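Engineer: The following comprises the amino acid sequence and a computationally predicted model.
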Amino acid sequence: MATRLAVIAALLACEGTIGNPSADPRDPLTPDPPLSPELAEPVFQLEPEGDRLQPGIRGLTHTELARSIFDVTGVEADVSELPANSEEYHLGNDADSLTYRDGAALRTLLRIATDVAAAADIGRLLPCAGTCTDGELRAYLEVAFAQPLSGEELARYRDIYDRARTALNGEEARRAIVQASLMSPSFLYRTEIGDGGRSLTATELAKKLSYFAWGRPPDAELRAVAFDGSLLEESVYEGQVDRVLADERTRERMVEFIFDWMGLDHFDLQSKVLASELPPEVEASMVEEAVRMIGTELFDEARGLRSLFTTETTFMDEMLADVYGVEGVTGGFQEVSLAGTGRRGILTTPLVLSAHAKEMGRSPMQRGHFLVAELMCLGFGPEFGEVTAQLPEDPGDETFREQFANLQVVEPCNNCHRTLNAGFAFDIYDNVGRRYAADFVPDEEAAGVFNALPYDPVEFDNPSEAALGLSEHPLLTRCFVGQTYRFAQGSRSVDGDAELLGELETAFDESAGDVLALFRSIALSERFAAAVRE
């Protein structure tokens, strides 16, 4: 089946711009002998060559693509062989970089579309009794593209179906429609250009809201109010924002965003030398703990961002309890108190500690860089990376922590190390998140200060105090609000966003860091509904 569909794709030579997957009428379909799979490649291009996408046209991230394929077809697709999404400010949904140009990527998309079309429940997607009618094709395609289908677009797919029907049986021709739809720019891209005015169209707004909150296409209710245009009515849109944000799918998306913001999405425990001392399955447990902690604190209980850093409750199974050194936990995941362990919040979870540690050896600067660059969105001066810190050749009785102390006052190192050295707060934990032996790294080595001028310094004697102090730092709030806004917009903020960002930050503080409320404020802002212009 998959090979026959690949042959059809090659013969149809799917081409086009946004919303225009076309079949070249000069290439009539004939039941020729099957081509070899390596020759069955499409001749199509999804957007013009150039340095960047047309403003207002953005592709789907890998996660969004996989979820969209599942929501439309019911098939779990493996998209891991596509080129990695590039990151901008640590986020992987930058609109300018989300494009499919590379030939290898296009061949991978063809393979994915072919495999999905072959595996799909075609009777559910296109329940045609005989030859598919225009209405039946339209019903499927409007779900796949989450937008009304024009007569011209319908004619193109009518032609694809009719030509496929001459060479294949009815079922295979229906699968060819599914395959073609998954390679269409209307599926792989979404627009934010409006219809000539200053605002998004109803269908564009529906997609932007659903991909922001869910990372997936609009559901039936959101499509319905988008298709009839009523979504543009203030009361209808506000009601849909509240409904969408209350959905469990927002919980999943919120976790995904926190993973992006904190640099946890590329976690690989097996890269750490000490991982050989742990069961391989513990990596999944580390991820699961963070997923549960984020979902509980920010979505289920909506306690606010600060609670994510200060909570003394987590979730662990028996394997993870061994990493923590917590006794009395047997079996699967359960809620566990961290009281008395010296740990609190997400910064002392094995996932975060491992993700921001070297492969071997102590990692205070790596963890400090994470605190500064990702949690606080602070950049470094041009000398960063150019100056190599020289520790004393003969430290004498100085501890490892004390050897770095002078770097906080000596130029040019002090510009970075007055903040980087805060990583020592978590340096009592090894590269897989376990507590080092106290005689190797004593408790007092976790003492330090986070000094980001012009703000008051955060002083701490242990990881728990550091987590508390950092959770209240103004830069944490500012960074989080800014990154959430960039995540929603899919682009870096510009000068014109400054006033809105200030308002969002004030409202976020007043709500005690309610992340759902922040999502809502962004979705209801005029900027969110504005069309993208040059």
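Structural biologist: The structure has been received and is ready for your questions. These numbers come from a predicted model, not from an experiment.
Engineer: Tell me which stretches of this structure form strands.
Structural biologist: Ranges of strands in the chain, per DSSP state E, are 57-59, 189-191, 313-316, 334-337, 448-450, 458-460.
Engineer: of all those strands, which lies closest to Phe487?
Structural biologist: Proximity to Phe487 (C-beta to C-beta) singles out strand 57-59 among the strands of the chain, at 12.9 Å. C-beta: built from backbone N, CA, C; applies to glycine.
Engineer: name the helices or strands packed onto the closest one?
Structural biologist: strand 189-191 (3 or more C-beta pairs under 8 Å, 6 or more residues apart in numbering; DSSP states H and E).
Engineer: Now do the strand it packs on: distance to the chain's middle.
Structural biologist: 17 Å (C-alpha atoms, centre = their mean, to the nearest Å).
Engineer: Please apply the same query to stretch 92-104.
Structural biologist: Worked out by C-alpha atoms, centre = their mean, stretch 92-104 lies 14 Å from the chain centre.
Engineer: that older thread, just send the strands of the chain back as TSV, with mean pLDDT, distance to Met262 and mean neighbour count too.
Structural biologist: Output for the strands of the chain, formatted as TSV (pLDDT from 0 to 100; distance: least, C-beta to C-beta, whole Å; neighbours: other C-beta atoms under 10 Å):
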stretch	mean pLDDT	distance to Met262	mean neighbour count
strand 57-59	87	24	22
strand 189-191	91	27	24
strand 313-316	97	16	22
strand 334-337	96	21	13
strand 448-450	86	17	23
strand 458-460	92	18	18
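Engineer: Quick one: closest of the ones you listed to Leu378.
Structural biologist: Short answer: strand 448-450, nearest of the strands of the chain by C-beta to C-beta, at 10.5 Å.
Engineer: wait, Val72 sits on Leu141?
Structural biologist: No. The criterion here is C-beta atoms under 8 Å, and Val72 misses it with Leu141 at 10.0 Å.
Engineer: shared neighbours, those two?
Structural biologist: Ser181 (C-beta atoms under 8 Å, 6 or more residues apart in numbering).
Engineer: And the helices in the stretch 1-150 of the chain, which stretches?
Structural biologist: Counting by DSSP state H, counting those that start in this stretch, one finds helices in the stretch 1-150 of the chain at the ranges 2-12, 62-73, 103-119, 122-125, 134-145.
Engineer: what's the least confident stretch among the ones you listed?
Structural biologist: Looking at the helices of the stretch 1-150 of the chain, the lowest mean pLDDT belongs to helix 2-12 (a mean of 51).
Engineer: returning to what we had before: nearest to Asp265 among the helices of the stretch 1-150 of the chain would be which one?
Structural biologist: Once the helices of the stretch 1-150 of the chain are compared by C-beta to C-beta, helix 62-73 is nearest, at 9.1 Å.
Engineer: What is the distance between that closest one and the centre of its chain?
Structural biologist: 13 Å.
Engineer: Report the angle between that helix and helix 134-145.
Structural biologist: Helix 62-73 runs at 160 degrees relative to helix 134-145, counting by axes from the mean of the first three to the mean of the last three C-alpha atoms, to 10 degrees.
Engineer: Please renumber the chain so that the first residue is 10 from this point on.
Structural biologist: That works, and once the first residue is 10, the last one we named lands at helix 71-82.
Engineer: Quick one: list the elements packing against helix 71-82.
Structural biologist: Applying 3+ C-beta pairs under 8 Å, 6+ apart, one finds that helix 71-82 makes contact with helix 112-128, helix 179-191, helix 194-197.
Engineer: quick one: which of these is nearest Met263?
Structural biologist: Taking these one by one with C-beta to C-beta, helix 194-197 is closest: 24.7 Å.
Engineer: in that closest one, what counts as buried?
Structural biologist: Pro194, Ser195, Phe196, Leu197 (16 or more other C-beta atoms under 10 Å).
Engineer: hmm, back to that, just say which of the helices and strands packed on helix 71-82 is most tucked in.
Structural biologist: Of these, the one with the most neighbours on average (mean count of other C-beta atoms under 10 Å) is helix 179-191, at a mean of 24.
Engineer: Can you spell out which helices and strands pack onto it?
Structural biologist: helix 11-21, helix 71-82, helix 112-128, helix 131-134, helix 143-154, helix 160-176.
Engineer: Would you mind giving the orientation angle of the last one with respect to helix 179-191?
Structural biologist: Compare the direction of helix 160-176 with that of helix 179-191 by the same axes, to 10 degrees and you get 140 degrees.
Engineer: now helix 160-176, how far from the centre of its chain.
Structural biologist: Distance, centroid of helix 160-176 to centroid of chain: 35 Å (C-alpha atoms, centre = their mean).
Engineer: mean confidence for that helix?
Structural biologist: Mean predicted confidence for helix 160-176 is 94.
Engineer: If you count contacts, what does that helix end up packed against?
Structural biologist: Short answer (3+ C-beta pairs under 8 Å, 6+ apart): helix 160-176 packs on helix 11-21, helix 143-154, helix 179-191.
Engineer: Please report the distance of the residue nearest to Leu360 when sequence neighbours are not counted from Arg444.
Structural biologist: Distance criterion C-beta to C-beta, 6 or more residues apart in numbering; nearest residue to Leu360, sequence neighbours excluded, is Met295 at 4.1 Å. Met295 is 15 Å from Arg444, where distance means C-beta to C-beta, to the nearest Å.
Engineer: same thing with Leu74?
Structural biologist: As for Leu74, its distance to Arg444 is 40 Å (criterion: C-beta to C-beta).
Engineer: repeat for Val381
Structural biologist: From Val381 to Arg444 the distance is 24 Å (C-beta to C-beta).
Engineer: Mind checking which of those two has more residues around it?
Structural biologist: Shown here are Val381 and Arg444; by other C-beta atoms under 10 Å, Val381 has more neighbours (22 against 18).
Engineer: got a list of what that one touches?
Structural biologist: Leu387, Phe389, Thr428, Leu429, Ala431, Ala461.
Engineer: cool, Thr70 as well?
Structural biologist: Thr70 touches Asn94, Gly101, Asn102, Leu107, Gly224, counting by C-beta under 8 Å, 6+ apart.
Engineer: before we move on, what about Ser316?
Structural biologist: So Ser316 contacts Glu306, Leu307, Glu310, Gly354, Gly522 (C-beta under 8 Å, 6+ apart).
Engineer: among the helices of the stretch 10-159 of the chain, which is nearest Phe266?
Structural biologist: Of all these, helix 71-82 comes closest under C-beta to C-beta, at 10.8 Å.
Engineer: what's in contact with that closest one?
Structural biologist: In contact with helix 71-82 (C-beta under 8 Å, 6+ apart) are residues 69, 84-86, 88-89, 91, 93-94, 102, 121, 125-126, 129, 134, 152-153, 187, 190-191, 196-197, 220, 223-226, 228, 265.
Engineer: what about the residue lying closest to Met192 once chain neighbours are set aside, distance to Leu191?
Structural biologist: Closest residue to Met192 apart from its sequence neighbours, by C-beta to C-beta, 6+ apart: Ala122 at 5.0 Å. Counting by C-beta to C-beta, the gap from Ala122 to Leu191 is 4 Å.
Engineer: again, but for Ala382
Structural biologist: Ala382 is 37 Å from Leu191, by C-beta to C-beta.
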